[in-house]
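Trainee: sequence? don't have it. structure:
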Ligand SMILES: C[S@@+](CC[C@H](N)C(=O)[O-])C[C@H]1O[C@@H](n2cnc3c(N)ncnc32)[C@H](O)[C@@H]1O
């Protein structure tokens, strides 16, 4: 009751609102929260991981579910001009990433049409990719989407190319209808954010020419696990 009264007073008097400049700054950063926060940390984590896996500036790179370019800002900087491509279902995130996160110099390195809105993982840009990543995408899509994503991305990769995908892992002995209790409430595996067994991902990858390797911990702050998929002939 006291809280309701306080919020009503704040709305009527405008008192307690952050100043306009702060409000604008917050709106400019909203896309960062929409992709899960940890903006600097998870962006840099992805670059460092990929470089450790052998990514070179001359490689062509695909970011699947690239969002507002949390990793993209680092990858555009690292890769040779024109070598970064990204797809996402949300045009607003792509636009926010391109206009608010990239510097003018970085925008010169990334043609705008290398960022594509697609809801079916259409990554046919007319080039073959050496490496790709999907970070925190499979936590938000169904197993059928994952199967489709792996199928369509496989068709755009070079033989020997690597696709790194993260997922929220369920313990192998966890019951199919189990519910995970967390500080923020109950988590159901059939609802977004999804969690999967390792064998689910292996099954989904089995429809396309991929070799599956579980990497596991890669330093993600929310404990998402990593899988490496290598494109086979
Ligand atoms: C948690 S965010 C992660 C974004 C980015 N990978 C990063 O590390 O910042 C998940 C992203 O997946 C995108 N997404 C969700 N469903 C998708 C789909 N079916 N196809 C493509 N992107 C999708 C969302 O729009 C969002 O940008």
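Mentor: Now that the structure is in, tell me what you want to look at. Computed from a prediction, not measured in an experiment: that's the story for all the values here.

Trainee: rest of the way, CA atoms for contacts and neighbours
Mentor: OK.

Trainee: just want the residue of this protein that's nearest the ligand.
Mentor: With distances taken as C-alpha to the nearest ligand atom, the chain approaches the ligand most closely at residue 67, which sits 3.2 Å away.

Trainee: in a helix, that residue, correct?
Mentor: No - inclusion of residue 67 in a helix is not indicated when DSSP: H, G, I helix; E, B strand; the rest coil is applied; the result is coil.

Trainee: was I right about it contacting residue 98?
Mentor: No - taking C-alpha atoms under 8 Å as the definition, residue 67 is not a contact partner of residue 98, at 10.2 Å.

Trainee: so these two - more neighbours on which side?
Mentor: The residue with more neighbours, out of residue 67 and residue 98 and counting by other C-alpha atoms under 10 Å, is residue 67; that gives 29 against 22.

Trainee: and residue 152, what does it touch?
Mentor: With contacts taken as C-alpha atoms under 8 Å, 6 or more residues apart in numbering, residue 152 has the following neighbours: 121, 122, 123.

Trainee: the same query, at a cut-off of 10 Å, please.
Mentor: For residue 152, the contacting residues are 120, 121, 122, 123, 124, 146, 208, taking C-alpha atoms under 10 Å, 6 or more residues apart in numbering as the criterion.

Trainee: ok, now residue 149?
Mentor: Shown here is residue 149, whose contacts under the criterion C-alpha under 10 Å, 6+ apart are 64, 119, 120, 121, 122, 123, 134, 138, 141, 143, 204, 205.
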